[in-house]
Each structure stands twice: as C-alpha cells, then as structure tokens.
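Enquirer: I'll drop the sequence and a predicted model, then ask my questions.
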Amino acid sequence: MKRARSATELFRRLDAGEIVPVTTSNWQGWEERFDVTDRVLTGMGAPILVVRWPLGERRRHWGIVEESQAAERVVRPMATGAEVKALIAKRMAAYERMWDG
C-alpha cells in the first residue's frame, strides 16, 4: 500500500473505502482534522484510535488508526460504529492470546 502524502489525498482515499498507510509524523500533523472519540490501550505499542471525519459535519465516517510498523500508522475506514467495536474486540482478543503464549 502506498502512503498518503497529503491530508487531501488521505481523505480522498478514505472516502473511496481504501485502507491508507501514513507516516507517524504525518499522522501527528493530520490528527487534528479528525475527531478522536476513543483511545484503546492495547498493551502492544500505540493505542488504537477510534476516529470520525469530517469535523463539524452531521454525517461523518467512522475509522480506526493502528500502528502497523515502526513510524507508520494505518487509517482504516469503517462502515459503522458497530463494525469499529467488532474489529477492536477482535484485535484485543488476538493481543490477549499473544500474552497467554
């Protein structure tokens, strides 16, 4: 997957339903353009962020932001809040299994 190089490109690709990688430094600059509704601590690196966009609109998209590798985040568009909760539950179950060995 090709990293987004601008916030405009990021939003265009997210609106098309694409999972978009971004550098951590770019995400830090663009995070303020999202409404971060939750930060889920995973115990395995960066928290999973639950986000909404665009800011100030009544009809907003759901998404999550995850650490994919060092110095990179992946922004994943989601259809509904229920879909977000289901994916986070799946991720947390996988992390729990990792801890159990």
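Expert: Cool, got the structure.
Enquirer: contacting residues around the residue most central in space within the chain?
Expert: In the chain, the C-alpha nearest the mean C-alpha coordinate belongs to V65, at 1.5 Å (CA atoms, centre = their mean). By CB atoms under 8 Å, 6 or more residues apart in numbering, the contact list for V65 reads W27, F34, I48, L49, V51, R73, V74, V75, R76. Heads up, the C-betas are built off the backbone N, CA and C, glycines and all.
Enquirer: return the distance of A7 relative to T42.
Expert: 26 Å (CB to CB, to the nearest Å).
Enquirer: buried stuff in the host helix or strand of V65?
Expert: Using DSSP states H and E, V65 maps to strand 61-69. Judged by neighbour count (16 or more other CB atoms under 10 Å), strand 61-69 contains these buried residues: H61, W62, G63, I64, V65, E66, E67.
Enquirer: swap in stretch 20-37?
Expert: So, applying 16+ other CB under 10 Å, buried residues of stretch 20-37: V20, P21, V22, N26, W27, W30, F34.
Enquirer: please flag which of those sit within helices.
Expert: N26, W27, W30 (DSSP state H).
Enquirer: quick check, the first one in contact with V20.
Expert: So the one you mean is N26. No. Here N26 does not reach V20: they are 10.5 Å apart, not a contact under CB atoms under 8 Å.
Enquirer: any shared contact partners between the two?
Expert: Counting by CB under 8 Å, 6+ apart, the residues touching both N26 and V20 are R3, A4.
Enquirer: where exactly do the helices run in the protein?
Expert: So, for the chain - with DSSP H - the helices run 7-15, 24-30, 81-100.
Enquirer: how about those, which one is nearest E57?
Expert: E57 sits nearest to helix 7-15 of all the helices of the chain, at 11.9 Å, using CB to CB.
Enquirer: quick one: residues in contact with that closest one.
Expert: A4, V20, V22, G29, W30, R33, W53, P54, H61, G63, V75, P77.
Enquirer: list the buried residues of it.
Expert: L10, F11, R13, L14.
Enquirer: between these, which is nearest R91?
Expert: Among the buried residues of helix 7-15, and counting by CB to CB, the member closest to R91 is L14, at 19.2 Å.
Enquirer: perfect, I'm done here.
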